[in-house]
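Visitor: predicted model and sequence follow; I will ask about them next.
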Amino acid sequence: MANTTRESLYGPISNDVWKKASQIKLVIFDVDGVFSDGRIYLSNSGEELKAFHTRDGFGVKSLLNAGFELAVITGRKSKLLEKRMAALGVNRIYQGVDNKLVPFEALLSELKLTAEQVAYIGDDMVDLPVMQHVGLSVCVADGHPYVKKHTDMITYTKGGHGAVRELTDLILQSQGLFESAQGMSV
C-alpha cells in the first residue's frame, strides 16, 4: 500500500494537504478561536482583553518575510486586533464582517490569485463559506465539530496556543522555505 501521509513538524499530514499547502500564496486568518483561544475578557471599565501567542507572531512574520500575502477576516471589531496586526505587519484587516465571502472575493481580485492559492484557518460555522472555496481549509484542534468534518486539515494545536504557527510552518515546510524563514517573536 502506498504511503498516503508524510511528516510535518507537528505530526502526520496527508499527501493531499501537503500538496495543497505547497500552492499557497495568500493565508487568511479568522481571529477569535484562532489567534486567540476564543475567550474575551472584559474589565470593570469595559475594556476588552485577549491573549495572543508569540509563536503565532513568529509564524506570521516568517510568512511575510518570505513574500506571502496575509489577511484577517473577523466578525468582531476590536482596536486591540488592529494593534496586534499592525505589530505583526498584517495590513489587510477586515473587521465586523458578516459575510466573509465578500472580502475573500475582493482579495482574490486585488491580488490576482485563484482560490486554490489561498489557505484559510478558522474555527466555527461562520468560517465555512470561505473554507469551502479555498485551496487549503484548516480548522483548529478545538474548533467546532461540524467545521472539523468539512475541512482539509485539523491542526494538532488549539486556537490561541500556536495553531497559527502550525499552519505557517506547514506552508513554509511544504514550499522548501522553512529553514530559511526569518520571523520574530512579536
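Guide: Noted; the coordinates are in hand. Being a predicted model, the structure only gives us computed values, none of them experimental. Residues are numbered from 1 along each chain as shown.

Visitor: contacts only, for residue 88.
Guide: 57, 60, 61, 64, 186 (CB atoms under 8 Å, 6 or more residues apart in numbering). Quick note: C-beta positions are derived from backbone N, CA and C, even for glycine.

Visitor: ok, and the closest non-adjacent residue to it?
Guide: The shortest distance from residue 88 to any non-neighbouring residue, by CB to CB, 6 or more residues apart in numbering, is to residue 60 (4.8 Å).

Visitor: contacts for the strand or helix carrying that neighbour, please.
Guide: Per DSSP states H and E: residue 60 is located in helix 54-65. Contact with helix 54-65 is made by 27, 35, 70, 87-90, 162-165, 167-169, 171-172, 181-186, as judged by CB under 8 Å, 6+ apart.

Visitor: what is the subsequent helix or strand relative to it?
Guide: strand 69-73.

Visitor: then the one helix or strand residue 102 maps to to PDB, C-alphas only?
Guide: Assigned by DSSP H and E, residue 102 belongs to helix 101-111. The C-alpha trace of helix 101-111 is given here as PDB (Å, rounded to 0.1, in the frame of the first residue of the first chain):
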ATOM      1  CA  LEU A 101     -17.000  35.700   1.200                       C
ATOM      2  CA  VAL A 102     -17.200  39.400   0.200                       C
ATOM      3  CA  PRO A 103     -13.600  40.300   1.400                       C
ATOM      4  CA  PHE A 104     -12.400  36.900   0.200                       C
ATOM      5  CA  GLU A 105     -13.500  37.600  -3.300                       C
ATOM      6  CA  ALA A 106     -12.100  41.100  -3.100                       C
ATOM      7  CA  LEU A 107      -8.700  39.700  -2.100                       C
ATOM      8  CA  LEU A 108      -8.700  37.300  -5.000                       C
ATOM      9  CA  SER A 109      -9.400  40.100  -7.400                       C
ATOM     10  CA  GLU A 110      -7.000  42.600  -5.800                       C
ATOM     11  CA  LEU A 111      -4.100  40.100  -5.600                       C
END
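
Visitor: now it: average pLDDT?
Guide: Helix 101-111 carries an average pLDDT of 98.

Visitor: and it, how far out from the chain's middle?
Guide: Computed by CA atoms, centre = their mean, to the nearest Å, the chain-centroid distance of helix 101-111 equals 16 Å.
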